[in-house]
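K.L.:
can't give you the sequence, but here's the structure:
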């Protein structure tokens with residue numbers, strides 16, 4: 001007997017259909033992703049291109065003006081090696097766009113974590129591999145390199161690691177639990 005696999009439908013499952021057979025007007029999203037070649041762009045319900053295809057991935061949906069979409073593109077960099085060769089590497093960099101397709105956080109971070117609930121703070125890792133926390137207006141809340149690692153915010157708190165010890169900070173960057181514990185479990189609900 002042959003076992004038939006069925007599609008597992010969850011929040012990350014996407015069904016791809018040709019644009020000619022898709023009813024844009026019926027879609028409730030403010031930004032609707034589309035592909036052209038291997039790049040992703042976004043249109044509105046009238047089919048107007050809001051963001052031309054330039055991203056390699058996107059995360060999240062935009063049903064409301066407050067929704068943000070995390071976007072990604074491939075960043076290529078290299079290092080000189082012995083014998084005049086160059087070792088090249090490819091990795092994703094992340095940014096955020098709003099419902100108008102405007103870039104809210106530049107496409108330049110190796111890690112980008114939105115907080116749960118209020119999405120006004122973003123934990124990011126820059127190209128020097130240092131973590132920091134920025135606000136959507138671009139201001140720095142926790143300077144880059146203050147901690148070895150910073151988690152996304154949940155209920156106004158974030159786990160941090162400094163010198164191999166764990167602690168908690170609040171949304172202002174203040175330490176609320178000293179960085180002296182061996183481990184703090186995730187409290188994402």
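P.N.:
Thanks, I have it. Everything numeric here is computed off the predicted structure, so don't read it as measured data.
K.L.:
so residue 124 touches residue 109, yeah?
P.N.:
Yes: if you go by Cβ atoms under 8 Å, residue 124 and residue 109 touch, sitting 4.2 Å apart. All C-beta spots, glycine's among them, are computed from the backbone N, C-alpha and C.
K.L.:
To what extent is residue 185 buried, counted in neighbours?
P.N.:
Residues near residue 185, counting by other Cβ atoms under 10 Å, number 7.
K.L.:
Residue 69 is in contact with residue 59, correct?
P.N.:
Yes: with contact defined as Cβ under 8 Å, residue 59 and residue 69 form a contacting pair (7.0 Å).
K.L.:
Pass me the low-pLDDT residue ranges in the protein, would you?
P.N.:
Across the chain, the ranges flagged by pLDDT under 70 are 1, 118, 188-189.
K.L.:
coming back round to it: joint contacts of residue 124 and residue 109?
P.N.:
residue 94 (Cβ atoms under 8 Å, 6 or more residues apart in numbering).
K.L.:
Quick one: end-to-end distance for stretch 121-140.
P.N.:
Using Cα to Cα, to the nearest Å, the end-to-end distance of stretch 121-140 comes out at 10 Å.
K.L.:
which parts of that stretch are buried?
P.N.:
Neighbour-count burial for stretch 121-140, counted by 16 or more other Cβ atoms under 10 Å, picks out 121-126, 130-134.
K.L.:
Which two of these have the greatest separation?
P.N.:
Farthest apart among the buried residues of stretch 121-140 by Cβ to Cβ are 121 and 130. That separation is 16.8 Å.
K.L.:
Bridged to residue 169, which residues?
P.N.:
Beta bridges link residue 169 to residue 158, residue 175, judged by DSSP bridges.
K.L.:
residues near residue 165, how many?
P.N.:
Counted with other Cβ under 10 Å, residues neighbouring residue 165 total 15.
K.L.:
and what of the one 10 residues further on?
P.N.:
The local packing count at residue 175 equals 12, with neighbours defined by other Cβ under 10 Å.
K.L.:
That one contacts residue 168, correct?
P.N.:
Yes: Residue 175 is within contact range of residue 168, at 7.3 Å (criterion: Cβ under 8 Å).
K.L.:
that older thread, format the buried residues of stretch 121-140 as TSV; extra columns: distance to residue 179 and secondary structure.
P.N.:
Converted to TSV, those look like this (distance: Cβ to Cβ, whole Å; DSSP: H, G, I helix; E, B strand; the rest coil):
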residue	distance to residue 179	secondary structure
121	19	strand
122	21	strand
123	16	strand
124	20	strand
125	18	strand
126	21	coil
130	16	coil
131	13	strand
132	16	strand
133	15	strand
134	20	strand
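K.L.:
how about JSON lines for these, with distance to residue 16 added?
P.N.:
As requested, those are exported to JSON lines (distance: Cβ to Cβ, whole Å):
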{"residue": "121", "distance to residue 16": "33"}
{"residue": "122", "distance to residue 16": "29"}
{"residue": "123", "distance to residue 16": "31"}
{"residue": "124", "distance to residue 16": "30"}
{"residue": "125", "distance to residue 16": "31"}
{"residue": "126", "distance to residue 16": "33"}
{"residue": "130", "distance to residue 16": "37"}
{"residue": "131", "distance to residue 16": "35"}
{"residue": "132", "distance to residue 16": "36"}
{"residue": "133", "distance to residue 16": "36"}
{"residue": "134", "distance to residue 16": "34"}
